[in-house]
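In: Starting from these lines, generate the structure:
(2 chains)
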There are 2 protein chains.
Amino acid sequence: MWPTLTWWPGIDDATEKTMRLSDLGEFELIDLITHHQPDAHGRLLKGIGDDCAVIDGGGNSATLITVDTMVEGVHFSLETSTPEGLGAKLLAVNLSDIAAMGGTPTEVFLAISASPDSDATIIERMVGGLQTSGARFGVQLAGGDTTATDGPLVLSLTAVGACPVDEVVYRSGAVPGDAVYVTGTPGDSAAGLAVSKGVDGVTPAYREMLLRRHLRPEPRVEAGRDLSTRKVASSMIDVSDGLGGDLRHICRASGVDMVIDPDRLPISEALGAFCDTSGQNPIDMVLGGGEDYELAFTTCKHNFAVEASFECRLSYIGTVTEGVGEVRIGTVGSSQRYEKKGFDHYSR
Amino acid sequence: MWPTLTWWPGIDDATEKTMRLSDLGEFELIDLITHHQPDAHGRLLKGIGDDCAVIDGGGNSATLITVDTMVEGVHFSLETSTPEGLGAKLLAVNLSDIAAMGGTPTEVFLAISASPDSDATIIERMVGGLQTSGARFGVQLAGGDTTATDGPLVLSLTAVGACPVDEVVYRSGAVPGDAVYVTGTPGDSAAGLAVSKGVDGVTPAYREMLLRRHLRPEPRVEAGRDLSTRKVASSMIDVSDGLGGDLRHICRASGVDMVIDPDRLPISEALGAFCDTSGQNPIDMVLGGGEDYELAFTTCKHNFAVEASFECRLSYIGTVTEGVGEVRIGTVGSSQRYEKKGFDHYSR
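Out: Residues are numbered from 1 along each chain as shown, chains lettered A, B, ... in the order given. You can find the predicted model right below:
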């Protein structure tokens, strides 16, 4: 889903000459699109600018809606993904957005644009993988659209979820003094992507684990609901574009800074082994990777006793401070600004 | 949105050899995808098989959701559409599905897959056209996703609407004896498409009217709500794939036949003039055209006094009879089966 940023290049620049999307960048395009957008009103509690839109359903019920698209050759290759795995990942990417607001996913809608020359069984197996995975989460495929294209396979999934209004967790609730946490071990997915492209040198077991983390991410639906119903999280986001860049979305939405302690970042054994053989910096991989589909959140309940009771690993990685929307790396008092942007679809 | 049909080619056939989508056809693909789909349950009042999915929101409130995709080179060309018009049409196509269930559209979500070489101002103008048109209907752009592709521009819109549960109009409610109605003048859009491709011979005024009907369809949101709140319609569908094929969806969902009187089909002056000069049969254009975004519905209130009070033209075109899901052309007692399939994205 689209975040919103507070800066964008002047529309005058864009109209004076042809400005290509690759000149502009994805986040600037989103701002260009959304800067005329009226504020949320009526039953729309949150529009553009979080993991999901939040629609007031009356009483204490809210409907969460999010959209994510995967394009062949950009987000997936049928040479490295099975069709079933692709369908499961498409679902996971969307459910992760529902999880990041604290919601329970309920229905999904699938738009398929495929070449008439496509193998029909690939489409059927992809949808089958999506449905099988959906059944595990109680999610139904409730509709869709099928169109022809002479371009790559494009899969766009809309996910719908439910959450009590007073349990929805936004990006904007972080306050100075909060602790910053992340689930699981970000960075594995980026290493898995490298492995899928032929980077080698790790043991078969690590290789398989990293590939699985990239190709079959597990959305943190249960953890998201747990954090939401226990009122633990003051803000939350799903880690899809790289932990550092996604934490910055929380900082900007909340009007705070964060100081992230690099020594506290969770590094899986497999990622450590991958970095040993490939020469990559594991901290860079954890902060800048992408496609992790973990949850990052802030909480005033530092060292909260529930840590051990969560179904997944939780790591305390830093502190929210007063600030202007920056992520800083180091310790409070000795830190430098994190610079890497999140993944930009239009950067080259 | 996906309809469902009751027939589909055996999965065994599909697995024995590579079956391309163009061999299979769009509706068979949809069946292949959906035949394992569990029935709607829990809060899903209607899943695949109508213009929208219908989700129970508690009390008497329902949420309607539909998805439609437009692909450059298949559904539109930026040589004949302005970007603003394209955005408005994308919205109209989706709102027409909400209208066909009797709902009020509320929010939309836009997934854009565009080449990094795309002109950013075209995307901005397209979204601007969607937002301007949305404002007329009280509809907000509440989120979306932006992805890169090296293929054609793909725009997928998810529309959300609201309707009291007891006012939702399905495809499945037609009963023998009901009258069949259609709004507006179907066929104009297909003539407008031909005109946009260079077929000529009509006056500039007719030409402009037909082009507008193709490029800037007006979704029948007010008429749909009116038919729904007054409990006039027993079944309803939006006319997007050709009136004859879409009426057949009602027949199959309702388990009835229809006899459509060709002499009663509404033919606009502009379509008449187009057919005079191009040699096309106006009845074929009305029944087989496509992209009309009119509403077809059935009602037990034949000659109902409200006809004159609707904001758009309503035409009584036929009668529902007992049957097996066929549309027949003629009069009761002397009719022949309508054969043309609706628009199939994968047919060649």
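In: Below-threshold pLDDT in chain A: ranges please.
Out: Applying pLDDT under 70 to the predicted model, the residue ranges of chain A that meet it are A:2-17, A:32-41, A:302-309, A:341-348.
In: Where does it get nearest to chain B, residue-wise?
Out: Per CB to the nearest CB, the residue of chain A with the smallest distance to chain B is residue A:151, at 1.8 Å. Heads up, the C-betas are built off the backbone N, CA and C, glycines and all.
In: Quick check: phi and psi at the residue nearest to that residue when sequence neighbours are not counted.
Out: Spatial nearest neighbour of residue A:151, excluding adjacent residues (CB to CB, 6 or more residues apart in numbering or on different chains): residue B:151 at 1.8 Å. Here is the backbone geometry of residue B:151 (degrees, to the nearest 10): phi -100, psi -160.
In: Likewise for residue A:154?
Out: phi -120, psi 120.
In: list the contacts for it?
Out: Taking CB atoms under 8 Å, 6 or more residues apart in numbering or on different chains as the definition of contact, the neighbours of residue A:154 are A:69-72, A:111-114, B:113, B:149, B:151, B:154, B:156.
In: now, which of those sits nearest residue B:101?
Out: When the contacts of residue A:154 are compared for distance to residue B:101 (CB to CB), residue A:111 comes out closest, at 18.8 Å.
In: give me the beta-bridge partners of the closest one?
Out: Each beta-bridge partner of residue A:111 is listed here, defined by DSSP bridges: residue A:145, residue A:156.
In: Next, the contact list for it, please.
Out: When contacts are counted by CB under 8 Å, 6+ apart, residue A:111 touches A:144-147, A:154-158, B:67-69, B:111, B:156.
In: Relative to the whole chain's centre, how far out is the strand or helix carrying residue A:108?
Out: Residue A:108 belongs to strand A:104-114 when assigned by DSSP states H and E. If you compare the mean C-alpha spot of strand A:104-114 with that of the full chain, they lie 17 Å apart, counting by CA atoms, centre = their mean, to the nearest Å.
In: Run through the helices of chain A in chain order.
Out: Along chain A, the stretches classed as helices by DSSP state H are A:11-16, A:21-24, A:26-34, A:83-100, A:120-136, A:188-196, A:204-215, A:221-229, A:243-254, A:269-278, A:282-288.
In: Could you identify which of these is most buried?
Out: Most buried of the helices of chain A by mean neighbour count (mean count of other CB atoms under 10 Å in any protein chain shown) is helix A:83-100; its value is a mean of 27.
In: tell me what that helix is packed against?
Out: Packed against helix A:83-100, as judged by 3 or more CB pairs under 8 Å, 6 or more residues apart in numbering or on different chains; DSSP states H and E, are the following elements: strand A:61-71, strand A:104-114, helix A:120-136, strand A:154-164, helix A:221-229, strand A:235-239, strand A:294-299.
In: Pull the contacting residues for the residue nearest to residue A:151.
Out: By CB under 8 Å, 6+ apart, the residues touching residue B:151 are A:71, A:149, A:150, A:151, A:152, A:154, B:113, B:115.
In: what's the distance between the closest residue to residue A:324 other than its chain neighbours and residue A:53?
Out: Nearest in space to residue A:324, with sequence neighbours left out and distances taken as CB to CB, 6+ apart, is residue A:257 at 6.8 Å. Counting by CB to CB, to the nearest Å, the gap from residue A:257 to residue A:53 is 27 Å.
In: Which one's more surrounded, these two?
Out: In terms of neighbours (other CB atoms under 10 Å in any protein chain shown), residue A:53 is the more surrounded of residue A:257 and residue A:53; the figures are 29 against 22.
In: isn't that one right up against residue A:67?
Out: No: counting by CB atoms under 8 Å, residue A:53 sits too far from residue A:67 to count as a contact (9.2 Å).
In: where do the contact lists of these two overlap?
Out: Common neighbours of residue A:53 and residue A:67 (CB under 8 Å, 6+ apart) are A:1, B:109, B:143.
In: from these, which single one is nearest residue B:167?
Out: residue B:109 (24.1 Å).
In: got the residues of the stretch 101-250 of chain A near chain B?
Out: Taking CB under 8 Å from any CB of the partner chain as the criterion, the stretch 101-250 of chain A approaches chain B at residues A:106-107, A:109-111, A:113-121, A:123-124, A:127-128, A:131, A:140-152, A:154, A:156, A:158, A:160.
In: Recalculate using a threshold of 6 Å.
Out: The stretch 101-250 of chain A comes close to chain B at residues A:109, A:111, A:113, A:116-121, A:124, A:127, A:140, A:142-149, A:151-152, A:154, A:156, A:158, as judged by CB under 6 Å from any CB of the partner chain.
In: Filter these down to the buried ones.
Out: Among those, those classed as buried by 16 or more other CB atoms under 10 Å in any protein chain shown are A:109, A:111, A:113, A:116, A:118-121, A:124, A:127, A:140, A:142-149, A:151-152, A:154, A:156, A:158.
In: Break chain A down into its domains, please.
Out: Following the assignment in automatic domain parsing, chain A carries domains at A:1-37, A:43-167, A:171-337.
In: Pull the distance from the second one to the chain's centre.
Out: Taking CA atoms, centre = their mean, one finds domain A:43-167 lying 13 Å from the centre of the chain it belongs to.
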